[in-house]
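> Have a look at this prediction, sequence included:
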Amino acid sequence: MSFLLLRNPPSAILLAPRAAFRTGLGTVNTAQILSPILQQALKPNLKLQRQQPVSTWRGNSPTTITTTAATTSQWMIQLFRSKAQQMVLLRRQYATFGKKNPLVPSSEEKGMGLLERLKHRGRISDLDTPPALTNTQRLLPSLLFALAICGASYAYTQYWQPPHPSTRLFPQLPQSVATVGALISANFLIFLLWKVPIPLNWRILNKYFISVPGLPNAFALLGATFSHQSLPHLGLNCFALYVFGTTLCDQLGRGNFLAIYFSSAAVSSFASLAYHVVRARFHVFALGASGAVSGVLGAYAYFNPNKELYFLLFPFMAVKAAHFVGAMAGFEIWGLLRGYTKVDHVAHLSGLATGVVCGMGLWHAAKRRGERRIKRWRGERV
């Protein structure tokens, strides 16, 4: 089914009847549609000219000429009135053509409820099966996008400078709380957009905010990390992000923290996508910030290996951060081998690894900078 999309507003049909509009089959001139109507309307005029030809007015009396002119003027008035009504009707039809009323089901949506119809119209594809693509075609754009995110994150760490308090939006808040709070707010905003029954929202979210191995989109690698399936899923990720993220951001600074977060998000999403594509698991989808949060947790454990962690259910037990991350990695490997499919173990493992690698890179970079400062202070060549 092709929908008609007007290039000009509906009023342009009355002002410029030769304007063109675009259909699913190409560009069609409105004159091709209106010309049969106008030809049909001009048929009475041709008949009138045959009955009372204007070319023989010399043989008629002035009364006959007056009667012919009066009849012609009345006919023209009726013609323009009828044509104006038809054009107004066409204008209304063109204005509403292709815009489905969500309250009125179409032929394809018979038997669906209102929510089901909205979801049906929010889809991004009518495909029943994944398109025939090679693994390279599915993964190469996403790989390039993930590398671009990692490269941009590294560049951000090199050029980032702490902002002046006067330039901050909330100067009274600690920089770590403002940074992590912005990420949590973005996650909550996307979660609320998923709950709003608007087909346009769902069409955008389905394309850019969920990772689908059957029909992958490179930009969804990052967008999927802001989508969550349920409120507990969102709450758990945001709680862990706040607990570990604020401390890590205070230790490393906003630039390094955001670099770890977005690099872990991109790498974990791509690792999950590659795993499902290679195994031809095109019936699944992935979403959630757990990969990025795992990266934050991995970096936190690297910089604070002996930090004791307490749990809400077991406040009397303390576990070191390094031991906790090691146990988490073992659980993810065990779940991956056992085939637990409701949890994205690949994203969690790759996120942890990315966080640890980023932590190692930052540590060695800081160590080299410190050694250069010492050499300069001693007067040695750097």
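Sure, I can see it.
> Break the chain into its domains for me.
Domains of the chain are assigned by automatic domain parsing as 11-99, 121-378.
> Identify the residues contacting Tyr310.
Taking CB atoms under 8 Å, 6 or more residues apart in numbering, we find Tyr310 in contact with 317-318. Every C-beta, even on glycine, is put in place using the N, C-alpha and C of the backbone.
> For it, report the pLDDT, please.
What the model reports as pLDDT for Tyr310 is 84.
> For it, grab phi and psi.
phi -120, psi 150 (degrees, to the nearest 10).
> just for the stretch 151-300 of the chain, where's the confidence low?
199 (pLDDT under 70).
> ranges for the helices of it?
Using DSSP state H, counting those that start in this stretch, the helices assigned to the stretch 151-300 of the chain run over residues 175-195, 199-208, 220-223, 231-252, 254-278, 290-303.
> Looking at these, which one is packed in the most?
helix 290-303 (a mean of 27; mean count of other CB atoms under 10 Å).
> Check which helices and strands that helix is in contact with.
helix 231-252, helix 254-278, helix 321-338, helix 345-378 (3 or more CB pairs under 8 Å, 6 or more residues apart in numbering; DSSP states H and E).
> Thr341 and Arg279, how far apart?
11 Å (CB to CB, to the nearest Å).
> Can you give me the distance of Ile190 to Ala289?
10 Å.
> who's in contact with the residue nearest to Val325 when sequence neighbours are not counted?
Once flanking residues are discounted, Val325 sits nearest to Ala301: 4.0 Å by CB to CB, 6 or more residues apart in numbering. When contacts are counted by CB under 8 Å, 6+ apart, Ala301 touches 307, 321-322, 324-325, 356.
> Which one (most neighbours) among these?
Highest neighbour count within these: Val325, with 23 neighbours (other CB atoms under 10 Å).
> so who does that one touch?
Val325 neighbours (CB under 8 Å, 6+ apart): 297-298, 301, 352.
> Could you dump those into CSV with distance to Leu273 added?
Shown next, in CSV, are these (distance: CB to CB, whole Å):
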residue, distance to Leu273
Leu297, 21
Gly298, 20
Ala301, 26
Leu352, 18
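> Go ahead and confirm Val267 touches Ser153.
No - counting by CB atoms under 8 Å, Val267 stays clear of Ser153, with 10.3 Å between them.
> Contacts for stretch 141-151, please.
Contacts for stretch 141-151 (CB under 8 Å, 6+ apart): 216, 218-219, 221-222, 262-263, 265-267, 269-270, 273.
> Tell me, what's the model's pLDDT at the nearest residue to Ile333 once chain neighbours are set aside?
Among residues not flanking Ile333 along the chain, Leu349 sits closest, at 6.9 Å (CB to CB, 6+ apart). As predicted, Leu349 sits at a pLDDT of 96.
> What's the local residue count around Leu349?
22.
> do the same with Phe170
Phe170 has 11 neighbours, counted by other CB under 10 Å.
> quick one: it from Ser185, how far?
Taken as CB to CB, the span from Phe170 to Ser185 is 12 Å.
> Please point out which parts of stretch 153-168 sit buried.
153, 157 (16 or more other CB atoms under 10 Å).
> Same question for stretch 313-322.
Result for stretch 313-322 [16+ other CB under 10 Å]: buried residues Ala321.
> okay, how far is it across it, tip to tip?
Criterion CA to CA, to the nearest Å; first-to-last residue distance in stretch 313-322 is 20 Å.
> picking up where we left off before, could the helices of the stretch 151-300 of the chain go into JSON lines alongside distance to Pro141?
Output for the helices of the stretch 151-300 of the chain, formatted as JSON lines (distance: least, CB to CB, whole Å):
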{"stretch": "helix 175-195", "distance to Pro141": "22"}
{"stretch": "helix 199-208", "distance to Pro141": "13"}
{"stretch": "helix 220-223", "distance to Pro141": "10"}
{"stretch": "helix 231-252", "distance to Pro141": "26"}
{"stretch": "helix 254-278", "distance to Pro141": "11"}
{"stretch": "helix 290-303", "distance to Pro141": "19"}
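> Tell me which of the ones you listed lies nearest to Thr129.
Of all the helices of the stretch 151-300 of the chain, helix 254-278 sits nearest to Thr129, with 15.1 Å by CB to CB.
> Pop out the phi and psi values for Val319.
Here Val319 shows phi and psi, under degrees, to the nearest 10, equal to phi -130, psi 130.
> helix/strand/coil for the nearest residue to it once chain neighbours are set aside?
Closest residue to Val319 apart from its sequence neighbours, by CB to CB, 6+ apart: Leu309 at 5.2 Å. What DSSP: H, G, I helix; E, B strand; the rest coil gives for Leu309 is strand.
> Please report how far Arg279 lies from Asn206.
Taking CB to CB, one finds Arg279 at 23 Å from Asn206.
> Kindly apply the preceding question to Ala327 instead.
Noted for Ala327: a distance of 36 Å to Asn206, by CB to CB.
> same thing with Gly379?
The value you get for Gly379 to Asn206, if CB to CB is used, is 62 Å.
> returning to what we had before: quick one: which two of the contacts of Val325 are the most distant?
Ala301 and Leu352 (8.5 Å).
> circling back to that earlier point, would you agree the residue nearest to Ile333 is in contact with Met328?
No - counting by CB under 8 Å, Leu349 does not reach Met328; the two are 9.2 Å apart.
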